[in-house]
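**Q** Provided below for reference: sequence and predicted model.
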Amino acid sequence: MNQLLDFFKLTEELSTAGFAVRAVVSVILIYFMSRFLMKRAAGQFTAFDFTFLWMLGALAVAPVLDGKILFTTTILATATLYFWHFALSWFSVRNHAFAALLTRMPTVLIEKGKINDVNMRRSFFSADVLLSEMRLSDAPDLTEVDQVILETSGH
């Protein structure tokens with residue numbers, strides 16, 4: 001029983017076995033939380049999803065790197081972060097106005113054969129990349145294209 005309680009100690013007092021158990025529990029905790037995330041490819045993550053995953057990774061490694069962080073604090077912070085991500089994602093699916101705050105809108109890059117320079121700059125999309133993508137889509141001539149839209153997934 002004492003060995004199980006060692007798992008919750010500060011890392012300054014933690015044994016090697018305690019670190020191993022803590023690492024395994026962290027991986028299992030994050031694995032199960034990530035199983036309930038929306039099923040999207042990495043290229044389809046919004047900035048909101050990316051921020052969540054970045055913070056989740058930082059929380060997972062924090063108690064291993066900093067000896068003053070209790071593991072129970074990490075578990076509580078991870079669960080809180082997951083709850084808010086889930087709640088905000090759930091609400092954004094049901095409310096389009098709120099979803100617009102969390103996600104980007106598709107951007108028109110070409111309209112009636114003319115490149116929209118303002119949207120290109122806002123999207124950090126170069127003309128070289130645009131023309132390359134158009135060639136891959138069998139549309140090498142700008143004058144033949146009615147509209148090119150940069151989707152929120154980056155395609």
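**A** Okay, I see it.
**Q** from now on I want contacts and neighbour counts done on CA atoms only, so please keep to that.
**A** Noted.
**Q** helices of this structure, start to end?
**A** 2-6, 16-35, 47-65, 71-94, 96-102, 117-122, 127-136 (DSSP state H).
**Q** just the buried positions in the longest one, please.
**A** Residues of helix 71-94 classed as buried: 71, 74, 75, 78, 79, 81, 82, 85, 88, 89, 92 (neighbour count, 16 or more other C-alpha atoms under 10 Å).
**Q** pretty sure residue 85 sits against residue 52.
**A** Yes. Taking contacts as C-alpha atoms under 8 Å, residue 85 lies within contact range of residue 52: 7.0 Å.
**Q** now the spatially most central residue of the chain: how far from residue 128?
**A** Closest to where the C-alpha atoms of the chain average out (C-alpha atoms, centre = their mean) is residue 50, at 1.8 Å. Separation of residue 50 from residue 128 (C-alpha to C-alpha, to the nearest Å): 27 Å.
**Q** worst mean pLDDT among the helices of the chain?
**A** Among the helices of the chain, helix 2-6 has the lowest mean pLDDT, at a mean of 57.
**Q** neighbours of residue 110, how many?
**A** Residue 110 is flanked by 21 other residues according to other C-alpha atoms under 10 Å.
**Q** so who does it touch?
**A** 116, 145, 146, 147, 148, 149 (C-alpha atoms under 8 Å, 6 or more residues apart in numbering).
**Q** now flag whichever of these is closest to residue 66.
**A** residue 149 (45.6 Å; C-alpha to C-alpha).
**Q** which residues sit in contact with the nearest residue to that closest one once chain neighbours are set aside?
**A** Ranked by C-alpha to C-alpha, 6 or more residues apart in numbering and with sequence neighbours excluded, the top spatial neighbour of residue 149 is residue 108, at 4.4 Å. Contact partners of residue 108, counting by C-alpha under 8 Å, 6+ apart, are 116, 119, 147, 148, 149, 150.
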